[in-house]
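Visitor: okay, structure incoming, though there's no sequence with it:
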């Protein structure tokens, strides 16, 4: 199996971690009744950690479709290489580090992690579209 597909599989786990981390914090603040209900009521703002985890999840989801396309794309196009594996691991590793950094409110380093993830996507994209 191509390493890029393994990276894609692990990214599904990371997505679940994002979802459950945000849901856990929201449930802790709003209660189990809210979690199991229709969630139609107006709620107070999330506490700072909860807000950061929800924003981290949204940020992940903004670039996740791009990652899926380029990871699958290089495999389907037969363009996998050491560079695409590196790009994929850079993206996934940086995204995994980004979540706790954002959750803990660590400035600057969080942005560096994001930029590293973008470098990983750029490596994948370049390989995918190259002639």
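Guide: Great, that's in hand. In this text, all values refer to a predicted model and were calculated from it rather than measured experimentally.

Visitor: go ahead and confirm residue 60 touches residue 16.
Guide: No - taking contacts as C-beta atoms under 8 Å, residue 60 lies outside contact range of residue 16: 11.2 Å. Placement of C-beta: from N, CA and C, glycine included.

Visitor: what are the buried residues along stretch 41-60?
Guide: 46, 49, 50, 52, 53, 54, 56, 57, 59, 60 (16 or more other C-beta atoms under 10 Å).

Visitor: give the residue spans of this structure that score low on pLDDT.
Guide: Counting by pLDDT under 70, the chain contains no low-confidence residues.

Visitor: quick one: the helices in it?
Guide: For the chain, the helices defined by DSSP state H cover 3-30, 32-36, 48-76, 82-103, 109-129.

Visitor: hang on, the earlier thing: now distance to residue 31 too, for the buried residues of stretch 41-60, in TSV please.
Guide: As requested, these are arranged in TSV below (distance: C-beta to C-beta, whole Å):
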residue	distance to residue 31
46	13
49	17
50	13
52	20
53	17
54	17
56	22
57	20
59	26
60	26
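
Visitor: of the residues you listed, which is the nearest to residue 105?
Guide: Ranked by distance to residue 105 (C-beta to C-beta), the buried residues of stretch 41-60 are led by residue 52 at 6.1 Å.

Visitor: distance of the residue nearest the centre of the chain from residue 80?
Guide: Geometric centre of the chain, nearest residue: residue 60, 3.5 Å, by C-alpha atoms, centre = their mean. Using C-beta to C-beta, to the nearest Å, we find residue 60 at a distance of 24 Å from residue 80.

Visitor: next one: residue 87
Guide: For residue 87 relative to residue 80 (C-beta to C-beta), the value is 10 Å.
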